[in-house]
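A.B. asks: build me a model:
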Amino acid sequence: MASTSAPARSLLDRALGVIERVGNALPHPATLFLVATLAVMAASAVVSMLGWTVAHPSTGKAVGAVNLVSVEGLHRLLTGLVSNFTSFAPLGTVLVAMLGIAVAEGAGLISAALKLLVLSAPRRLLTVTIVFAGVMSNTGGEVGYVLLLPLSAMAFAAVGRHPLAGLAAAFAGVSGGYSANLLLGTIDPLLAGLTQEAAHLVDPSYRVTPAANYYFMAASTFVITAVGAVVTERMIVPRLGTWSGAAESAAIEPLTAAERRGLRFAATAAALLAAVVLAGIVPDGGFLRDLKTGDVLHSPLLSGIVAFIFAGGVIVGVAYGAGAGTIRRDTDVLKSMSKAMETMGSYLVLVFFAAQFVAVFNWTNLGLIIAVEGAAVLKALGLGTVPLIVAFVALSATVNLAMGSASAKWAILAPVFVPMFMLLGYTPEFTQAAYRVGDSVTNIISPMMSYFALIIAFVQKYDARAGLGTVVALMLPYSAAFFVAWTLFLVVWALLGIPVGPGAPLLMDSPSHLQ
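C.D. replies: Have a look, this model is predicted:
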């Protein structure tokens with residue numbers, strides 16, 4: 001009886017298969033944090049018994065490991081379990097910001113704005129518009145994946161181009177450009193809180209604002225848009241060839257009169273809100289400046305940026321809803337907020353275990369010990385700024401292949417690398433910016449990315465035989481181009497000494513951080 005042999009798998013397919021199997025074999029991130037917490041406790045006992053100490057970089061005093069496998073450690077765990085969770089820096093900021101954005105999303109503002117952006121773009125600017133819309137959609141959470149990707153495929157098919165090219169361009173912007181944006185979103189306060197917790201290992205008074213990376217990420221929006229458009233036109237479109245399927249123009253519904261009216265109301269509300277903010281920050285005696293010093297850097301605007309994200313989402317979302325008829329009473333607003341909180345259940349579970357891990361890691365002093373010793377090793381190696389940036393971005397990008405959650409990865413990496421880079425002279429904000437580059441560029445080829453299965457389903461609409469390898473092969477040119485271009489952009493940014501955000505220079509001895 002004749003037997004048929006399976007076609008030989010390419011090296012890329014085999015490598016991706018290994019990554020997928022390893023990633024699938026990993027426990028839930030919450031379980032990983034629990035295991036990591038127990039491991040840290042065990043390590044604290046060992047290091048304490050060995051008497052390993054380092055000199056605190058600020059006080060010069062000897063610091064040793066605190067043994068948590070003891071009666072005193074047990075008491076600390078029991079009394080701190082609740083406060084570790086409730087005082088976890090990213091928790092409140094993310095929930096508050098999410099409430100505001102939920103109103104804008106629930107009213108239909110974000111969906112209507114994306115639809116308007118894509119459908120009104122001239123054909124020659126369609127690719128650029130789609131990538132840009134993908135980057136900007138990150139402010140609205142999952143709407144980019146759920147709405148923009150299929151819409152972009154339809155838009156390409158409607159003009160006779162291959163729909164997978166449009167889908168790939170949108171996916172590249174939404175996921176590959178995840179951290180870039182002209183607006184602040186929920187990821188900004190989340191990462192800033194974790195960064196601040198890690199920075200306190202070296203300097204307990206250090207503050208990291210949600211706008212810490214705004215300058216760099218806003219500028220990165222245009223880098224990602226340009227690179228994504230070039231890769232689409234020069235590599236993806238030629239590779240896919242001519243689209244022979246039917247156009248899908250009928251499937252793209254134009255904006256209704258109500259949606260257009262809602263967008264006009266929202267634009268008016270946004271303009272008025274911007275005018276109020278400018279009136280409070282531009283004049284020397286503006287009401288949003290610091291009352292004592294008149295300073296902008298430490299003003300309520302930057303310190304309370306999460307409140308502005310919340311208020312902006314609510315005000316603009318309600319304005320849209322009033323114009324479009326999607327919000328008719330206060331209960332409609334509250335339902336949008338409640339729906340958003342329903343989806344945050346898994347996040348709260350993850351945060352509970354992450355908070356315990358961060359607290360235990362801080363209590364044991366292991367983070368400081370590792371940071372001091374690691375910084376000493378890096379100093380001895382004599383690595384300059386450029387090798388450090390490239391190495392750390394590459395590390396973040398590699399870890400991202402096996403662990404999808406940006407906050408979970410940063411909760412593990414930040415307590416080690418933030419203080420380590422602080423001791424080397426680099427600010428926590430700069431370290432966070434480097435992490436965000438690495439965390440973004442491999443999203444589009446990582447099977448662990450939470451929406452990867454959905455992407456495969458979208459692709460199968462136009463290629464029934466498509467699978468994991470198909471999607472990765474489609475997106476790999478974007479991932480490689482983003483890694484090279486974005487890392488190079490970060491290197492140039494660092495060499496020019498430009499702050500990554502308001503009050504966030506690159507080096508610890510810069511004037512913004514002198515007391």
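A.B. asks: distance check, Asn138 against Asp330.
C.D. replies: To Asp330, Asn138 is 29 Å away according to CB to CB, to the nearest Å. Yep, even glycine has a C-beta here, placed from its N, CA and C like the rest.
A.B. asks: same deal with Leu99?
C.D. replies: Using CB to CB, one gets 14 Å for the distance from Leu99 to Asp330.
A.B. asks: more crowded one of the two?
C.D. replies: Counting neighbours by other CB atoms under 10 Å for Leu99 and for Asp330 shows that Leu99 has the greater number, 21 against 9.
A.B. asks: before we move on, what SS does that one have?
C.D. replies: helix (DSSP: H, G, I helix; E, B strand; the rest coil).
A.B. asks: measure it to Val128 for me?
C.D. replies: For Leu99, the distance to Val128 equals 33 Å [CB to CB].
A.B. asks: again, but for Gly228
C.D. replies: When distances are taken as CB to CB, Gly228 and Val128 turn out to be 8 Å apart.
A.B. asks: those two: which is more packed in?
C.D. replies: Between Gly228 and Val128, counted using other CB under 10 Å, Gly228 has the larger neighbour count: 30 against 20.
A.B. asks: in this structure the more buried one contacts Gly176, no?
C.D. replies: Yes - with contacts defined as CB atoms under 8 Å, Gly228 counts as touching Gly176 at a distance of 7.1 Å.
A.B. asks: what about Tyr478, is that helix, strand or coil?
C.D. replies: Tyr478 carries the three-state label helix when classified by three-state DSSP.
A.B. asks: so how far is Ile455 from it?
C.D. replies: As for Tyr478, its distance to Ile455 is 13 Å (criterion: CB to CB).
A.B. asks: same question, Ala258
C.D. replies: Going from Ala258 to Ile455 by CB to CB gives 31 Å.
A.B. asks: and if you look at Gly382?
C.D. replies: Separation of Gly382 from Ile455 (CB to CB): 43 Å.
A.B. asks: burial count for Ala275?
C.D. replies: If we define neighbours as other CB under 10 Å, then Ala275 has 10 of them.
A.B. asks: mind telling me what element it is part of?
C.D. replies: With the criterion set as DSSP states H and E, the secondary-structure element containing Ala275 is helix 257-281.
A.B. asks: returning to what we had before: who's more crowded, Tyr478 and Ile455?
C.D. replies: Looking at Tyr478 and Ile455 with other CB under 10 Å, you find the greater number of neighbours at Tyr478, namely 28 against 23.
A.B. asks: need the contact list for the more buried one.
C.D. replies: The neighbourhood of Tyr478, defined by CB atoms under 8 Å, 6 or more residues apart in numbering, consists of Ala168, Ala172, Gly176, Val227, Gly228, Val231, Ile444.
A.B. asks: give me the distance between it and Val390.
C.D. replies: Distance, Tyr478 to Val390, by CB to CB: 19 Å.
A.B. asks: please apply the same query to Ile315.
C.D. replies: Spatial separation of Ile315 from Val390 under the definition CB to CB is 42 Å.
A.B. asks: over to Leu183?
C.D. replies: Counting by CB to CB, the gap from Leu183 to Val390 is 29 Å.
A.B. asks: repeat for Ala271
C.D. replies: 42 Å.
A.B. asks: ok, the two, which is more surrounded?
C.D. replies: Val390 (18 against 10).
A.B. asks: in the helix or strand where Ser220 lies, what's buried?
C.D. replies: With elements delineated by DSSP H and E, Ser220 resides in helix 214-231, which encompasses its position. Residues of helix 214-231 classed as buried under the neighbour-count rule (16 or more other CB atoms under 10 Å) are 214-217, 220-221, 223-225, 227-229, 231.
A.B. asks: what's the separation between the closest residue in space to Leu149 that isn't next to it in sequence and Ser120?
C.D. replies: Beyond its immediate neighbours in the sequence, the residue positioned closest to Leu149 (CB to CB, 6 or more residues apart in numbering) is Ala170, lying 4.8 Å away. Noted for Ala170: a distance of 16 Å to Ser120, by CB to CB.
A.B. asks: go on, Asn181?
C.D. replies: Using CB to CB, we find Asn181 at a distance of 21 Å from Ser120.
A.B. asks: over to Ser137?
C.D. replies: 16 Å.
A.B. asks: what about those two, which has more around it?
C.D. replies: Regarding Ser137 and Ser120, a neighbour count based on other CB under 10 Å identifies Ser137 as having more, with 28 against 11.
A.B. asks: so that one touches Leu151, yeah?
C.D. replies: No - with contact defined as CB under 8 Å, Ser137 does not reach Leu151; the gap is 10.6 Å.
A.B. asks: joint contacts of those two?
C.D. replies: Common contacts of Ser137 and Leu151 (CB under 8 Å, 6+ apart): Leu114.
A.B. asks: checking Phe156 next. Helix, strand or coil?
C.D. replies: In three-state terms, and counting by three-state DSSP, Phe156 is helix.
A.B. asks: now it: closest residue in space that isn't a chain neighbour?
C.D. replies: Using CB to CB, 6+ apart and skipping the chain neighbours, the partner closest in space to Phe156 is Gly166 (3.1 Å).
A.B. asks: got a list of contacts for the host helix or strand of the one you found?
C.D. replies: Element membership for Gly166, per DSSP H and E: helix 163-171. The set of residues external to helix 163-171 that reach it, using CB under 8 Å, 6+ apart, is 126-127, 130-131, 133-134, 144, 148-157, 228-229, 232, 236-237, 240, 243, 245, 248, 444, 455, 458-459, 462-463, 474-475, 478.
A.B. asks: what's the angle from the helix or strand just after that helix to helix 214-231?
C.D. replies: Per DSSP H and E, the first helix or strand lying C-terminal to helix 163-171 is helix 187-199. Calculated by axes from the mean of the first three to the mean of the last three CA atoms, to 10 degrees, helix 187-199 forms an angle of 130 degrees with helix 214-231.
A.B. asks: show me what helix 187-199 is packed against.
C.D. replies: Counting contacts by 3 or more CB pairs under 8 Å, 6 or more residues apart in numbering; DSSP states H and E, helix 187-199 is packed against helix 89-107, helix 305-324, helix 345-364, helix 406-423, helix 428-441.
A.B. asks: ok, and for the second one, which residues are buried?
C.D. replies: For helix 305-324, burial by neighbour count (16+ other CB under 10 Å) applies to 305-306, 308-310, 312-324.
A.B. asks: pLDDT wise, what is the residue nearest to Phe156 at?
C.D. replies: Here, the pLDDT recorded for Gly166 equals 90.
A.B. asks: likewise Asp332?
C.D. replies: We have a pLDDT of 90 for Asp332.
A.B. asks: surely it forms part of a helix?
C.D. replies: Yes - secondary structure of Asp332 (three-state DSSP): part of a helix.
A.B. asks: residues touching it, list them.
C.D. replies: Residues in contact with Asp332 (CB under 8 Å, 6+ apart) are Gly106, Ala107, Gly321, Thr326.
A.B. asks: of those - the most surrounded one?
C.D. replies: Result: Ala107 is most packed of the contacts of Asp332 (other CB under 10 Å), 29 neighbours.
A.B. asks: Provide a list of residues in contact with it.
C.D. replies: Taking CB under 8 Å, 6+ apart, one finds Gly262, Gly317, Val318, Tyr320, Gly321, Ala324, Thr326, Ile327, Asp332, Ser336 in contact with Ala107.
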